[in-house]
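Undergrad: 3D, please:
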Amino acid sequence: MNSIPYKAKQFLLVLVKLLIVGFAFYYLYVELNKKDLNDWQLVSTKFTFFSLVGIVFLSVLNWFFEILKWQNLVNTFYKISFKEAAVQSLGSLTASVFTPNRMGEYGAKMLYFPKSETKKIILLNFIGNSSQMAATSFFGVFGLFITGLFYDYFSYKISFVLILIFLIFFVFLIFRKKISIYGFSVENLIQKIRTFPRNSLKTTIQLSVIRFLIFSHQCYFLLLIFGVEITYSLALATIFSMYFLASIVPNIHLMDVAIKGSFAVVLFGKLGVNQWTIVSITTLMWLLNLVIPVLIGSLFVLKFKPKLEL
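TA: Have a look, this model is predicted:
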């Protein structure tokens, strides 16, 4: 079988890079174009210099802990610097924004390592994403209970959602031997996670919890900046519920703003919060925590060079 010439490989690599970045920018353009210029002008009047710096700082912290989480996971078998972890995390984010449920992230991160480490990278990425989902689920279920206690309207629907989730989880456990995730059987995944270094797994969960609390509080501070009068406990319970409900809906990463925005409008609407305010807050969260990191990640994608065998 004839091998592909070196120059052809280089050309294909450049073409793939440009396609990834091009698709990412196209999706961003389409989503940003949906917002009216007057809306952005109204949003800008809500901020002071210090409040803007504070909100941006929380986004930096959010991604700092995500990058730290990936570095912690990879360091269980191969030492990488924080800078390398940042390049891999943001580069793979750019490659995954237009793929369902961030599936592209798995393939993108594999490219930074030798082919012999493919299964290991898939497992590490699965652990990282699962730990974040576990944190979201834990606080989300707690938030749903609190929200239901405050407002009778939610009680019936929340009970239905929780029962449905537990039923799905129960069925998942029963058929775990037949279900496959990214080439691993659930049974095999559970076994591998059990043998995973305890300290690294514990640190991963801690970083996921810290990260979840950071962007949840970022949303809470935006509510305060926009003048929403709501108690701290009810605000956080509603934010937790919003993130949890949005996370269990299959979607393309870039559509997070629409999914989270829809849940936020429904949940906060019952608390009497203006729809425009909620849409503006969720859009700002999307801009700060996804759009800007994708733009930075696109630079890393363009500079990407295939990893050679160690």
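
Undergrad: mean confidence (pLDDT) on whichever helix in the chain runs longest, please.
TA: The residue-count maximum for a helix in the chain (DSSP state H) belongs to helix 118-150. Over the span of helix 118-150, the pLDDT mean works out to 86.

Undergrad: could you do stretch 295-310 as well?
TA: Here the average pLDDT along stretch 295-310 is 73.

Undergrad: would you mark the buried spots in the longest helix of the chain?
TA: 118, 120-128, 130-133, 135-141, 143-148, 150 (16 or more other Cβ atoms under 10 Å). For every residue, glycine as well, the C-beta is placed using N, CA and C.

Undergrad: could you do stretch 208-218 as well?
TA: 208-212, 214-218.

Undergrad: which of the residues you listed sits closest to Leu90?
TA: Arg211 (14.8 Å; Cβ to Cβ).

Undergrad: so is the closest one in a helix, a strand, or just coil?
TA: helix (DSSP: H, G, I helix; E, B strand; the rest coil).

Undergrad: and it, what does it touch?
TA: 62, 65-66, 69, 132, 135 (Cβ atoms under 8 Å, 6 or more residues apart in numbering).

Undergrad: how about the residues you listed in TSV, adding distance to Thr238?
TA: Listed next are these as TSV, based on distance: Cβ to Cβ, whole Å:
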residue	distance to Thr238
Asn62	19
Phe65	23
Glu66	24
Lys69	26
Gln132	20
Ala135	17
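
Undergrad: closest one of those residues to Leu302?
TA: Nearest to Leu302 among these, with distances taken as Cβ to Cβ, is Glu66, at 21.3 Å.

Undergrad: assumed the closest one was part of a strand.
TA: No. Assessed with three-state DSSP, Glu66 is helix; it does not lie in a strand.

Undergrad: what sits against it?
TA: Here Glu66 is in contact with 89, 207, 211 (criterion: Cβ under 8 Å, 6+ apart).

Undergrad: please enumerate the helices of the stretch 101-250 of the chain.
TA: 103-110, 118-150, 152-174, 186-194, 198-225, 232-247 (DSSP state H, counting those that start in this stretch).

Undergrad: out of the ones you listed, name the one with the poorest average pLDDT.
TA: Among the helices of the stretch 101-250 of the chain, helix 152-174 scores lowest, with a mean of 57.

Undergrad: so how far does stretch 96-105 reach from one end to the other?
TA: 5 Å (Cα to Cα, to the nearest Å).

Undergrad: pull out the buried positions in that stretch.
TA: 96-99, 102, 104-105.

Undergrad: cool, and stretch 287-305?
TA: Counting neighbours by 16+ other Cβ under 10 Å, stretch 287-305 gives 287-294, 296-298, 300-301, 304 as buried.

Undergrad: could I get the residues you listed as a markdown table with secondary structure and distance to Thr48?
TA: Converted to a markdown table, the buried residues of stretch 287-305 look like this (DSSP: H, G, I helix; E, B strand; the rest coil; distance: Cβ to Cβ, whole Å):
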| residue | secondary structure | distance to Thr48 |
| --- | --- | --- |
| Leu287 | helix | 18 |
| Leu288 | helix | 17 |
| Asn289 | helix | 21 |
| Leu290 | helix | 24 |
| Val291 | helix | 22 |
| Ile292 | helix | 20 |
| Pro293 | helix | 24 |
| Val294 | helix | 27 |
| Ile296 | helix | 26 |
| Gly297 | helix | 30 |
| Ser298 | helix | 31 |
| Phe300 | helix | 33 |
| Val301 | helix | 35 |
| Phe304 | coil | 39 |
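
Undergrad: now render the residues you listed as JSON lines, adding distance to Arg194.
TA: Shown next, in JSON lines, are the buried residues of stretch 287-305 (distance: Cβ to Cβ, whole Å):
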{"residue": "Leu287", "distance to Arg194": "40"}
{"residue": "Leu288", "distance to Arg194": "37"}
{"residue": "Asn289", "distance to Arg194": "32"}
{"residue": "Leu290", "distance to Arg194": "33"}
{"residue": "Val291", "distance to Arg194": "38"}
{"residue": "Ile292", "distance to Arg194": "37"}
{"residue": "Pro293", "distance to Arg194": "32"}
{"residue": "Val294", "distance to Arg194": "35"}
{"residue": "Ile296", "distance to Arg194": "36"}
{"residue": "Gly297", "distance to Arg194": "33"}
{"residue": "Ser298", "distance to Arg194": "38"}
{"residue": "Phe300", "distance to Arg194": "34"}
{"residue": "Val301", "distance to Arg194": "35"}
{"residue": "Phe304", "distance to Arg194": "34"}
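
Undergrad: Phe47: which of the residues you listed is nearest?
TA: Leu288 (12.2 Å).

Undergrad: I figured that closest one hits Phe57, correct?
TA: No. Between Leu288 and Phe57 there is no contact under Cβ atoms under 8 Å: 10.2 Å.
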